[in-house]
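Peer 1: Have a look at this prediction, sequence included:
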Amino acid sequence: MPRPADHKTDRYQIRIPPAQKAMIARAAALSHKDMADFILDKIVPEAQAVIDAAEVVQVSNRDFTRIFDLLEHPPKPNDKLRAAIAALPDTL
């Protein structure tokens, strides 16, 4: 199947066992894609899910409301907070 011109510029090589390569090739053919496109279609969403799990914090509506309220109306500093602030270096 001829590939249309695209903007792909980087190349990545991996070593895989022949049985796995054959399975990927078969799945790609059944999907009417070449192996590279098939792999990218599967890997990119998984990569994004890993990034989201590491970087995105999801909270319930109740917790969001509580966090937002604390940001808008922070409590007055107590003795422990004042001590922690006093212990910070002046270079922050």
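Peer 2: On my side now, so go ahead. Residues are numbered from 1 along each chain as shown.
Peer 1: Which positions within stretch 39-54 qualify as buried?
Peer 2: Ile39 (16 or more other Cβ atoms under 10 Å). (Glycine included, C-beta is placed from N, CA and C.)
Peer 1: Let me see the mean pLDDT of it.
Peer 2: For stretch 39-54, the per-residue pLDDT values average out at 96.
Peer 1: Tell me which residues are up against that stretch.
Peer 2: Ile24, Ala28, Ser31, Lys33 (Cβ atoms under 8 Å, 6 or more residues apart in numbering).
Peer 1: Could you rerun that using 10 Å?
Peer 2: Lys8, Tyr12, Ile14, Ile24, Ala27, Ala28, Ser31, Lys33, Asp34, Gln58 (Cβ atoms under 10 Å, 6 or more residues apart in numbering).
Peer 1: mind exporting that stretch as PDB, just the C-alpha atoms?
Peer 2: What follows is stretch 39-54, C-alpha atoms only, in PDB (Å, rounded to 0.1, in the frame of the first residue of the first chain):
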ATOM      1  CA  ILE A  39       2.200   1.000  15.900                       C
ATOM      2  CA  LEU A  40       1.900   4.800  16.200                       C
ATOM      3  CA  ASP A  41      -1.900   4.600  16.300                       C
ATOM      4  CA  LYS A  42      -1.600   2.300  19.300                       C
ATOM      5  CA  ILE A  43       1.400   3.800  21.100                       C
ATOM      6  CA  VAL A  44       0.600   7.500  21.000                       C
ATOM      7  CA  PRO A  45      -2.700   7.200  23.000                       C
ATOM      8  CA  GLU A  46      -0.900   5.000  25.500                       C
ATOM      9  CA  ALA A  47       1.900   7.400  25.900                       C
ATOM     10  CA  GLN A  48      -0.600  10.300  26.400                       C
ATOM     11  CA  ALA A  49      -2.400   8.200  29.100                       C
ATOM     12  CA  VAL A  50       0.900   7.600  31.000                       C
ATOM     13  CA  ILE A  51       1.700  11.300  30.800                       C
ATOM     14  CA  ASP A  52      -1.800  12.200  32.000                       C
ATOM     15  CA  ALA A  53      -1.600   9.800  34.900                       C
ATOM     16  CA  ALA A  54       1.700  11.300  36.000                       C
END
